[in-house]
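Enquirer: model this:
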Amino acid sequence: MSEIAPEAIAEQVVQSDQLAEPDAHREVGSPRRRSEDARLITGRTQWTDNLQLPGMCHVAFLRSPYAHARITGVDTTAARERAGVIAVFSGADLADEQGSLPCAWPVTEDMVLPDHPPLAVTEVRYAGEPVACVVARDRYAAADALEAIDVDYEPLPPVLDMEKALQEGADKVHEAGNKSYTWVFENGDLDAAFRDAPVLLERRYVQQRLIPTAMEPRAVVCEPLGDEFTLWSSTQIPHILRVMLATVTGVPEHKLRVIAPDVGGGFGSKLQVYGEEVICLLLARRLGRPVKWTESRSEGTMATHHGRDQIQRMTLAAEADGTIRGLKVDLLADMGAYLMLITPGIPLLGAFLYNSIYKMGAYSFTCTGVFTTKTPTDAYRGAGRPEATFAIERMVDELAAELDLDPLEVRRRNWIRHEEFPYDTITGLTYDSGNYEAATEKAMQLFEYDKLRAEQADRRERDDSVQLGIGVSTFTEMCGLAPSRVLGSLGNTAGGWENASVRVLPTGKVEVVTGSSAHGQGHETAWAQITSDALGVPFEDVRVLHGDTRVSPKGLDTYGSRSLTVGGIAVVGACEKVVDKARRIAAHLLEAAEQDIEFRAGTFSVRGVHDASTTLQEVALATFTAHDLPDGVEASLDSDATFDPENFSFPHGTHLCATEVDTETGFVRIRSYVAVDDIGRVVNPMIVEGQVHGGLAQGIAQALYEEAVYDADGNLTTTTMADYLVPSAADLPTFVTDRTETAATTNPLGVKGVGEAGTIASTPAVVNAIVDALRPYGVRDVPMPCTPERVWQALRGGTGQRSAQPGAGGGLGSVSGGTS
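Expert: Below is the predicted model:
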């Protein structure tokens with residue numbers, strides 16, 4: 001690597017006037033412990049499954065044992081006679097009122113969107129699809145009665161392979177066929193970029209299917225109150241859920257209250273409108289009493305939507321010096337059996353990021369959504385962006401190997417330089433800020449990159465049976481989903497704004513009401529820190545309210561690393577309005593012109609007059625008593641704001657991974673992992689560390705451990721934690737994390753988002769490291785998860801012998817490229 005000039009490493013900071021002034025007493029930037037953890041860690045809080053209501057009954061669902069079958073009959077007679085059973089319903093019993101589960105993202109005008117009844121009526125299309133439900137006095141009686149329901153099935157052929165599903169004459173999941181849509185994006189002259197390219201690489205990667213596995217299983221409680229209903233759900237999206245439930249069931253929106261109490265994780269799996277939520281609402285309406293359903297862990301593996309499951313065909317053209325000319329992406333995306341809330345749009349979130357941080361002159365992306373007889377897919381941490389980052393980072397490593405160049409050197413030759421920001425990318429996005437040089441330099445230093453390369457060369461020279469691999473991932477992502485106009489242009493029926501309200505109580509205490517709905521992110525702490533600085537009140541005097549559509553009637557909830565970059569900015573806007581209102585009253589109380597009033601650290605003062613001041617708390621009390629307000633001023637400081645971003649935010653970073661791979665057994669051990677992220681301005685470093693660590697765990701899990709596996713009949717075989725390997729802390733390395741800071745220029749806090757960064761960057765870093773260790777043996781890919789068996793098979797599928805190629809897998813020399 002060539003030496004990077006010091007000015008290239010300098011941190012670029014753009015901060016708002018109100019919140020950017022250096023002050024040791026400011027909350028923003030302080031690693032404060034999360035205030036909500038006292039109740040969350042001890043479990044002394046309200047989870048949905050904790051709810052106990054008078055007269056409440058329990059629901060259990062009978063699920064299809066077949067991946068594909070016609071339903072020719074459902075007999076519920078025997079189940080109704082079981083002790084403790086109150087009612088039993090089949091799909092046919094509820095057919096007139098259950099409607100079809102919504103898909104809010106029709107990505108093309110001709111997209112095939114099949115009906116999706118919450119309880120199957122005539123046909124089941126994945127193992128685990130609900131076909132009937134039992135309502136009983138307790139959950140055990142409900143579960144026991146399921147075995148008494150007699151369902152007659154006529155088995156149909158399962159459809160499990162995406163490529164075969166698109167072939168002529170293939171068995172059909174739906175009568176309309178197995179293709180849901182084809183979506184195309186092109187920019188630049190790809191033919192010219194590929195024509196006579198000195199290097200042309202073609203690769204095929206598989207993103208295996210994943211099961212989200214949140215700590216808290218899904219749960220629903222619904223209570224009827226006359227003609228009104230309150231529904232509790234362990235959801236990420238109480239506001240969206242309310243709108244969609246009203247649309248599906250016909251319950252008027254203003255008579256439906258949705259509450260997301262404390263929620264134990266989601267990772268996208270609770271960004272959904274599930275059939276169980278619809279059915280519980282319908283049952284409460286029919287029976288006139290509260291109902292509860294809580295899924296079991298095994299039930300959740302089949303019934304909660306899955307993530308990933310894509311086949312990526314990548315073609316990259318480059319010059320002999322490694323400069324990328326063009327990139328072509330052909331993607332098959334497994335929709336599963338139905339299109340759920342945003343299923344078809346998930347792959348498209350990655351469409352704009354296959355170029356990543358690299359400059360190129362031509363780009364083509366084609367995505368085909370395919371129906372199979374599997375659990376539907378939808379958002380999972382990163383949602384389209386981990387898939388895109390994996391593919392391009394693997395391709396850049398392949399390009400480096402083809403040219404016998406260091407992988408970091410190839411990246412340096414192609415990435416956007418810090419002085420080129422803002423930068424309009426080939427996919428039409430405008431990256432507002434970044435410094436890839438700074439993040440990479442810091443990561444290399446922490447990782448001791450050159451020292452590890454020297455050790456790698458020594459091991460190769462000694463033909464060590466345990467080879468050292470070094471993996472690189474330099475990434476960016478788009479956060480802050482999303483500008484409403486952009487969502488509209490992509491066919492999404494929702495917007496991307498967020499709302500917040502700030503209420504100043506008579507004693508000067510503050511309530512912040514946010515439309516963002518936390519499920520582990522630390523909103524209550526971070527929002528209070530922002531408010532504390534903006535209003536100059538003690539952190540302890542701020543309370544944050546969320547997750548209840550009656551308390552917080554406006555909001556678009558939490559997903560896509562949008563909470564801080566959209567919801568947090570709405571809080572800033574509301575605080576600014578509070579200050580503006582209070583300034584006018586303070587001017588009146590101080591007998592000064594409003595334009596002469598300054599506000600700093602919670603105190604209003606008259607410019608140039610040292611003994612004329614009043615605090616926000618004093619203004620709040622004066623506003624409450626309303627004894628001496630200016631004419632025409634209402635007795636309230638309360639304010640709300642809605643923020644709709646004009647652009648995404650673009651965090652980035654460099655992740656480096658060193659793996660030791662035993663060439664005799666295939667065992668992989670992560671020896672060291674360094675993550676340097678640039679997420680803009682940091683509100684709470686402790687929360688950031690937690691988010692990064694959790695993201696790294698999930699990304700490494702995809703690389704090494706997790707996979708949802710179906711057998712030839714379409715049965716999910718990984719339905720327990722014994723079969724689906726979620727890594728524990730003992731399975732993961734110690735992470736070295738650090739940050740650089742280039743503030744976002746698109747919001748007043750300069751924040752960019754962090755919730756998905758670790759997941760997006762870590763998977764390719766780990767796989768690149770494994771492949772790097774094995775390149776001397778002719779291995780250029782190991783399918784994920786890279787289990788010892790797959791590594792061992794890859795070694796046997798390669799040459800099986802050491803290659804004599806100079807510098808294989810990370811040399812610093814330069815040779816002319818060829819084709820592959």
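
Enquirer: what about Asp37, neighbour count?
Expert: 12 (other CB atoms under 10 Å). The way it works is simple: take the backbone N, C-alpha and C, and place the C-beta from them, glycine included.

Enquirer: got the buried residues for stretch 74-92?
Expert: Neighbour-count burial for stretch 74-92 flags 74, 76, 79, 82, 84-92 (criterion: 16 or more other CB atoms under 10 Å).

Enquirer: which of the residues you listed fall in helices?
Expert: Cross-referencing the buried residues of stretch 74-92 against helices under DSSP state H gives Ala79.

Enquirer: go ahead and list the helix or strand containing Gly560.
Expert: Here Gly560 is covered by no helix or strand, with elements defined by DSSP states H and E.

Enquirer: tell me how far it lies from Val243.
Expert: To Val243, Gly560 is 18 Å away according to CB to CB, to the nearest Å.

Enquirer: contact partners for the residue nearest to the spatial centre of the chain?
Expert: The centroid of the chain falls nearest to Arg381 when counting by CA atoms, centre = their mean (3.2 Å). Contacts for Arg381 were tallied using CB atoms under 8 Å, 6 or more residues apart in numbering; they are Pro212, Phe267, Gly268, Gly307, Gly695, Gln698, Gly755, Glu756, Thr759.

Enquirer: circling back to that earlier point, which two of the buried residues of stretch 74-92 have the greatest separation?
Expert: Gly84 and Ala92 (23.8 Å; CB to CB).

Enquirer: around Gly128, how many other residues sit close by?
Expert: With other CB under 10 Å as criterion, Gly128 counts 24.

Enquirer: repeat that for the one 4 residues further on.
Expert: Summarising burial for Ala132: neighbours were counted as other CB under 10 Å, giving 27.

Enquirer: which stretches of the stretch 201-350 of the chain form strands?
Expert: 219-225, 228-233, 256-259, 291-294, 307-318, 324-336 (DSSP state E, counting those that start in this stretch).

Enquirer: hang on, Asn355 packs against Glu393?
Expert: No. Asn355 is not in contact with Glu393 according to CB atoms under 8 Å; the separation is 11.8 Å.

Enquirer: show me where the stretch 451-600 of the chain has strands.
Expert: According to DSSP E, counting those that start in this stretch, the strands that the stretch 451-600 of the chain contains are 466-476, 498-504, 510-514, 542-545, 597-600.

Enquirer: again with the stretch 651-800 of the chain
Expert: 652-662, 668-678, 735-740.

Enquirer: okay, the angle between the shortest one and strand 652-662?
Expert: In terms of direction (axes from the mean of the first three to the mean of the last three CA atoms, to 10 degrees), strand 735-740 departs from strand 652-662 by 160 degrees.

Enquirer: so which bits of strand 735-740 are buried?
Expert: Phe735, Thr737, Arg739, Thr740.

Enquirer: a markdown table for those residues, including distance to Lys451 and pLDDT?
Expert: Shown next, in a markdown table, are these (distance: CB to CB, whole Å; pLDDT from 0 to 100):
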| residue | distance to Lys451 | pLDDT |
| --- | --- | --- |
| Phe735 | 19 | 97 |
| Thr737 | 20 | 98 |
| Arg739 | 23 | 98 |
| Thr740 | 22 | 98 |
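
Enquirer: looking at the residues you listed, which one is closest to Ala362?
Expert: Nearest member of the buried residues of strand 735-740 to Ala362, counting by CB to CB, is Thr740, at 30.7 Å.

Enquirer: gap between Pro252 and Leu245?
Expert: Pro252 is 11 Å from Leu245, by CB to CB.

Enquirer: pick out whichever of those two has more residues nearby.
Expert: Between Pro252 and Leu245, counted using other CB under 10 Å, Leu245 has the larger neighbour count: 26 against 11.

Enquirer: Leu231 is in contact with the more buried one, correct?
Expert: Yes. Between Leu245 and Leu231 there is a contact under CB under 8 Å: 7.0 Å.

Enquirer: mind listing the shared neighbours of the two?
Expert: In terms of CB under 8 Å, 6+ apart, Leu245 and Leu231 are both contacted by the residues Leu256, Val258, Glu277, Leu281.

Enquirer: and those, which two are furthest apart?
Expert: Leu256 and Glu277, at 11.3 Å, using CB to CB across these.
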